[in-house]
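>>> what's the 3D shape of this:
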Amino acid sequence: MNKTRIVSFLSFLLWGALVYLGVVVSTNAARQGQYSNLGQVKFYLMFPLAMAFLAACLSIFATKIPKPLLIALSLAQLALIPVYLFFYTGGV
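This next block holds a predicted model:
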């Protein structure tokens, strides 16, 4: 495996873990009778799912994408995780 695929796979694992946490949060809220609204579903499930899908596509098509673009997208995905977690946890 080359380094860019490793970075893409690491990004996939991190975003996949956030998808799992979003599913857990949504199901626990539903068990307590507090159903998630559409904005929460998009934020806790759809956004991490889309990022995990993008990371998987980057890892699969790593040989077909220009290397500078692949590196930039992979690093951008990793850089978005702390920003996403800032809002995921409620801010300051």
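>>> for the protein, which helix is longest?
Longest helix in the chain by number of residues (criterion: DSSP state H): helix 3-31.
>>> helix or strand right after that helix?
Sequence order places helix 38-41 as the next helix or strand after helix 3-31, per DSSP states H and E.
>>> what residues does that next one touch?
Helix 38-41 is contacted from outside by S26, using CB atoms under 8 Å, 6 or more residues apart in numbering. (Glycine included, C-beta is placed from N, CA and C.)
>>> only alpha carbons, please: show it as PDB.
C-alpha atoms of helix 38-41 as PDB (Å, rounded to 0.1, in the frame of the first residue of the first chain):
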ATOM      1  CA  LEU A  38     -33.900  16.200   9.900                       C
ATOM      2  CA  GLY A  39     -31.100  18.600  10.700                       C
ATOM      3  CA  GLN A  40     -29.700  16.300  13.300                       C
ATOM      4  CA  VAL A  41     -30.000  13.300  11.000                       C
END
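>>> buried sites along the very next helix or strand once past it?
Later in the chain than helix 38-41, the nearest helix or strand by DSSP H and E is helix 47-60. Buried positions in helix 47-60, judged by neighbour count with 16 or more other CB atoms under 10 Å: F47, P48, L49, M51, A52, L54, A55, A56, L58, S59.
>>> after helix 47-60, next one along is what?
Next element after helix 47-60 (DSSP H and E): helix 67-88.
>>> alpha carbons of stretch 85-92, as CSV, please.
Extracted in CSV, the C-alpha atoms of stretch 85-92 (Å, rounded to 0.1, in the frame of the first residue of the first chain):
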residue,chain,number,x,y,z
LEU,A,85,-16.1,17.3,16.3
PHE,A,86,-16.1,20.8,17.6
PHE,A,87,-19.8,21.2,16.5
TYR,A,88,-20.6,17.5,17.3
THR,A,89,-19.8,18.0,20.9
GLY,A,90,-21.6,21.3,21.3
GLY,A,91,-18.8,23.8,20.8
VAL,A,92,-16.8,25.3,23.6
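>>> pLDDT score for the residue lying farthest from the centre of the chain?
No residue in the chain sits farther from the centre than G33, which is 26.8 Å out by CA atoms, centre = their mean. You'll see G33 listed with a pLDDT of 76.
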